[in-house]
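**Student:** starting from these lines, generate the structure:
(one chain, ligands or ions: 1)
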Amino acid sequence: MEATSTLALSSAPAAARRSPAKAVVASCHLRNFSVPAFHLRTVRGLASRALSSPSFPGWRRKKGSGLVVRAEMFGQLTTGLESAWNKLRGADKLTKDNIAEPMRDIRRALLEADVSLPVVRSFIESVTEKAVGTDVLQGVQPEQQLVKVVNDELVQLMGGEVSDLVFAKSGPTVILLAGLQGVGKTTVCAKLAFYLKKMGKSCMLIAADVYRPAAIDQLTILGKQVGVPVYSEGIEEKPSRIAKSGLKEAKSKKTDVVIVDTAGRLQVDKAMMSELKEVKRAVNPTEVLLVVDAMTGQEAASLVSTFNAQIGITGAILTKLDGDSRGGAALSIKEVSRKPIKFVGRGERMEDLEPFYPDRMAQRILGMGDVLSFVEKAQEVMHQEDAEELQKKILSAKFNFNDFLKQTQAIAQMGSFSRIIGMIPGMNKVTPAQIREAEKNLKFMESMINVMTIEERERPEILAESRERRRRVAKDSGKTEQQVGQLIVQLFQMRARMQKMMGAMQGKDSPDIEGLMDSIKAEDQAAAGTGKRRKYGNLRRRDLDAMRGFRRR
Ligand SMILES: Nc1nc2c(ncn2[C@@H]2O[C@H](COP(=O)(O)OP(=O)(O)OP(=O)(O)O)[C@@H](O)[C@H]2O)c(=O)[nH]1
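**Tutor:** This next block holds a predicted model:
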């Protein structure tokens with residue numbers, strides 16, 4: 001990684017505290033990712049939506065106050081590492097003496113994250129050696145230099161490069177999945193098929209878990225859900241025979257990829273291993289992937305070693321990363337077993353399986369978000385035309401409730417809020433409680449939008465001007481008139497913010513929304529029964545003008 005990118009990365013969290021959306025864009029630019037401009041706008045739009053939401057108190061707290069809450073995924077490790085950087089504040093270069101204490105913090109943070117001891121030892125050794133031996137670059141703070149060394153070493157520790165699935169040169173690619181009970185094997189079968197389908201591959205699932213009848217039903221249901229055929233012969237036949245016959249059928253149907261689900265056990269035992277060996281012999285898989293649960297920490301890494309020694313595997317799939325606040329498994333698997341993590345599961349939904357990118361993971365561990373995954377998710381759910389249309393609307397101050405709903409749905413399709421937030425630099429410190437609150441708030445807003453007429457959604461001005469309409473929306477959605485009023489103000493605030501950002505990005509003068517904010521605050525405190533209040537309900541003339549696209553500014 002170049003020095004400039006380190007600087008960009010290091011400054012991203014600070015910038016994000018001021019403006020997460022800007023930081024996302026800046027990170028993309030500075031790090032020289034070839035992200036198309038309209039996607040950047042989409043990202044900015046999504047981020048600004050979040051910014052405008054009243055549900056992120058941490059994002060709009062007063063100037064100078066810090067975010068004080070912990071990250072969800074890998075939060076413990078991120079916080080531990082932060083204390084290491086802080087110890088170097090004020091130093092002018094990295095020396096053996098001044099990095100001793102930060103290195104102790106890093107060591108402690110890694111051990112607390114359940115990274116295996118030999119891995120921690122060699123990591124600390126290597127970071128120390130590289131940090132002390134490096135000349136501090138002009139304009140780079142020593143703590144930033146250390147962050148860079150730690151980042152590079154974390155990437156190496158997790159395998160350096162992304163490890164892609166290998167496909168057979170001819171005939172179906174066979175992926176054999178193994179793993180202990182309950183780690184998420186059956187779910188991964190379907191998630192993987194869903195992922196491969198998106199790549200344009202045809203798939204078939206083979207139900208070779210004959211010990212748990214429910215596993216066959218579960219696979220059949222999930223197969224239907226993702227639109228992939230499931231081959232099964234019930235529980236009487238031997239798994240190796242089922243796998244062989246399934247493969248024969250897949251060949252006859254010219255299926256690209258066959259995924260074999262096998263039985264799990266509570267712990268490693270001889271019977272499971274010999275059965276797996278038999279299935280492996282029967283289908284000669286291209287990939288043998290061990291599914292492990294991230295929450296088991298370094299235990300997952302030793303399981304990968306054991307399975308590799310006994311049956312020979314090609315890689316691991318790490319599930320339940322969404323519930324793992326420590327990170328020991330992700331950091332130990334490659335180093336301990338020499339086998340790469342190929343995919344990670346980050347939730348229960350079919351779309352919650354992603355390739356494992358060591359560099360992105362390192363950035364998340366360092367609290368710098370995962371801009372690329374965020375952009376990719378946005379690209380998946382936002383079509384180019386939608387993004388361009390949205391941009392036009394933002395520029396002409398026509399962003400309406402339909403766009404609001406569309407974006408809310410796009411965000412929902414991107415996965416849970418916590419995942420999205422975790423991907424934005426500097427935003428990994430939003431608490432789960434704040435995220436839940438945000439989700440609740442969106443639902444609350446949606447319920448009011450759902451009862452609006454088509455015209456009202458398209459032209460929110462008519463709602464702002466008619467107290468009758470607001471009353472009706474309030475009544476139909478079971479909310480108060482004031483809540484409907486607030487929602488309308490919020491939409492216009494959003495317009496204002498988006499325009500402001502667009503203006504800033506294009507070097508134009510940006511409209512001042514502070515006035516609008518003040519008037520809203522004043523409105524909240526205004527006594528009922530004033531002339532203006534009677535005319536516009538709880539909205540004022542100044543708000544309305546601001547809403548109509550800053551006509552008077
Ligand atoms: N939060 C979360 N839950 C997951 C993930 N992957 C799987 N699960 C859940 O874990 C539970 C067990 O998953 P299964 O797919 O049934 O596990 P299995 O390994 O096939 O279990 P056996 O067939 O008993 O060996 C289910 O409730 C899944 O929804 C993940 O990445 N995140």
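
**Student:** quick check: phi and psi on L353?
**Tutor:** Torsion angles at L353 (phi, psi; degrees, to the nearest 10) stand at phi -130, psi 130.

**Student:** run a quick neighbour tally on it.
**Tutor:** 22 (other C-beta atoms under 10 Å). Bear in mind the C-beta positions are built from the backbone N, C-alpha and C, glycine included.

**Student:** and it, what's its pLDDT?
**Tutor:** Model confidence at L353, given as pLDDT, is 93.

**Student:** do M350 as well
**Tutor:** Predicted confidence (pLDDT) for M350: 91.

**Student:** so what's it up against?
**Tutor:** A190, K191, F194, L222, Q225, V226 (C-beta atoms under 8 Å, 6 or more residues apart in numbering).

**Student:** which bits of the stretch 301-450 of the chain sit near the ligand?
**Tutor:** Within the stretch 301-450 of the chain, the positions near the ligand by C-beta under 6 Å from any ligand atom are T319, K320, D322, G323, G345, R346, G347, E348, D352.

**Student:** in PyMOL, select just the buried ones from those.
**Tutor:** Remark: buried members of those, expressed as a PyMOL selection using 16 or more other C-beta atoms under 10 Å:
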select buried, resi 319+320+322+345+346+347+352
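
**Student:** sorry, back to before: as a markdown table, the contacts of M350 with distance to the ligand would be great.
**Tutor:** A markdown table is the format used below for these (distance: C-beta to the nearest ligand atom, whole Å):
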| residue | distance to the ligand |
| --- | --- |
| A190 | 8 |
| K191 | 8 |
| F194 | 13 |
| L222 | 8 |
| Q225 | 12 |
| V226 | 13 |
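
**Student:** these: which two are farthest apart?
**Tutor:** Pairwise distances across the contacts of M350 peak at 10.4 Å for K191 and Q225 (criterion: C-beta to C-beta).

**Student:** count of neighbours near the residue lying closest to G160 once chain neighbours are set aside?
**Tutor:** Spatial nearest neighbour of G160, excluding adjacent residues (C-beta to C-beta, 6 or more residues apart in numbering): P358 at 6.0 Å. As a burial measure, P358 scores 22 neighbours (other C-beta under 10 Å).

**Student:** same check, this time on K96
**Tutor:** Around K96 there are 10 other residues, counting by other C-beta under 10 Å.

**Student:** which SS state does it fall under?
**Tutor:** coil (DSSP: H, G, I helix; E, B strand; the rest coil).

**Student:** of K191 and Q225, who's got more company?
**Tutor:** Remark: of K191 and Q225, K191 carries more neighbours, 26 against 12, as counted by other C-beta under 10 Å.

**Student:** list the residues that contact that one.
**Tutor:** G345, M350, E351, D352, L353.

**Student:** same thing but at 10 Å, please
**Tutor:** Taking C-beta atoms under 10 Å, 6 or more residues apart in numbering, we find K191 in contact with 184, 222, 226, 259, 317, 319, 343, 345, 347-354.

**Student:** wait, is it part of a helix?
**Tutor:** Yes: assessed by three-state DSSP, K191 belongs to a helix.

**Student:** my read is V174 is in a strand, agree?
**Tutor:** Yes: under three-state DSSP, V174 sits within a strand.

**Student:** what's the neighbour count on it?
**Tutor:** V174 - counted by other C-beta under 10 Å - has 23 other residues nearby.

**Student:** now do the one 5 residues further on
**Tutor:** Close neighbours of G179, defined as other C-beta under 10 Å, add up to 27.

**Student:** just the one 5 residues further on next, same as before
**Tutor:** The criterion is other C-beta under 10 Å. On that basis, G184 has 22 neighbouring residues.

**Student:** hmm, back to that, please report how far the residue nearest to G160 lies from the ligand.
**Tutor:** Remark: distance between P358 and the ligand (C-beta to the nearest ligand atom, to the nearest Å) = 18 Å.

**Student:** so where's the stretch 51-200 of the chain uncertain?
**Tutor:** 51-75, 133-140 (pLDDT under 70).

**Student:** let's see that with 90 instead.
**Tutor:** Counting by pLDDT under 90, the stretch 51-200 of the chain shows low-confidence ranges at 51-99, 105, 108-116, 129-152, 161, 170-171, 181-182.

**Student:** which parts of it sit against the ligand?
**Tutor:** Checking the stretch 51-200 of the chain against the ligand by C-beta under 6 Å from any ligand atom, the hits are G179, Q181, G182, V183, G184, K185, T186, T187.

**Student:** so how do I select the buried members of the residues you listed in ChimeraX?
**Tutor:** Filtering these down to the buried ones (16+ other C-beta under 10 Å) takes a single ChimeraX command:
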select :179,183,184,185,186,187
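
**Student:** same list, the residues of the stretch 51-200 of the chain next to the ligand, but as a markdown table with distance to K253 and secondary structure please.
**Tutor:** Formatted as a markdown table, these follow (distance: C-beta to C-beta, whole Å; DSSP: H, G, I helix; E, B strand; the rest coil):
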| residue | distance to K253 | secondary structure |
| --- | --- | --- |
| G179 | 27 | strand |
| Q181 | 31 | coil |
| G182 | 32 | coil |
| V183 | 30 | coil |
| G184 | 27 | coil |
| K185 | 24 | helix |
| T186 | 22 | helix |
| T187 | 24 | helix |
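
**Student:** need the max-distance pair from the residues of the stretch 51-200 of the chain next to the ligand.
**Tutor:** Largest separation among those by C-beta to C-beta: Q181 and T187, giving 12.8 Å.

**Student:** Q482 reaches V473, doesn't it?
**Tutor:** No: between Q482 and V473 there is no contact under C-beta atoms under 10 Å: 11.9 Å.

**Student:** who has more neighbours out of the two?
**Tutor:** Just comparing Q482 and V473: by other C-beta under 10 Å the higher neighbour count belongs to V473, 24 against 14.

**Student:** so the more buried one sits right up against M445, yeah?
**Tutor:** No: using C-beta under 10 Å, V473 is not in contact with M445, being 11.5 Å away.

**Student:** mutual contacts of those two, please.
**Tutor:** Joint contacts of V473 and M445 (C-beta under 10 Å, 6+ apart) are K479, Q483, L487.

**Student:** which element is S245 on?
**Tutor:** If you go by DSSP states H and E, S245 is part of helix 239-252.

**Student:** helices or strands up against the helix or strand just after that helix?
**Tutor:** Reading on from helix 239-252 to the C-terminus, the next helix or strand found by DSSP H and E is strand 257-262. Packing contacts for strand 257-262, counted by 3 or more C-beta pairs under 10 Å, 6 or more residues apart in numbering; DSSP states H and E, involve strand 173-179, helix 185-198, strand 203-208, helix 213-226, strand 230-231, helix 239-252, helix 270-283, strand 287-293.

**Student:** out of those, flag the one nearest L154.
**Tutor:** Closest of those to L154 is strand 287-293, at 19.4 Å (criterion: C-beta to C-beta).

**Student:** report the angle between the following helix or strand past that closest one and strand 173-179.
**Tutor:** Counting by DSSP H and E, the element after strand 287-293 in chain order, helix or strand, is helix 298-311. Relative orientation of helix 298-311 versus strand 173-179 (axes from the mean of the first three to the mean of the last three C-alpha atoms, to 10 degrees): 120 degrees.

**Student:** can you give me the buried ones in helix 298-311?
**Tutor:** Q298, A300, A301, S302, L303, V304, S305, F307, N308, I311.

**Student:** out of those, who's nearest K440?
**Tutor:** For those, the residue nearest K440 by C-beta to C-beta is A300; the value is 33.7 Å.

**Student:** would you confirm that the closest one contacts I333?
**Tutor:** Yes: using C-beta under 10 Å, A300 is in contact with I333, at 6.4 Å.

**Student:** now do the shared contacts for the two.
**Tutor:** Contact criterion C-beta under 10 Å, 6+ apart; residues shared by A300 and I333: L290, V292, A294, A316, L318, I341.

**Student:** let me know which of the helices and strands packed on strand 257-262 is tucked in deepest.
**Tutor:** Each of those was scored by mean neighbour count; the highest is strand 203-208, a mean of 28, by mean count of other C-beta atoms under 10 Å.
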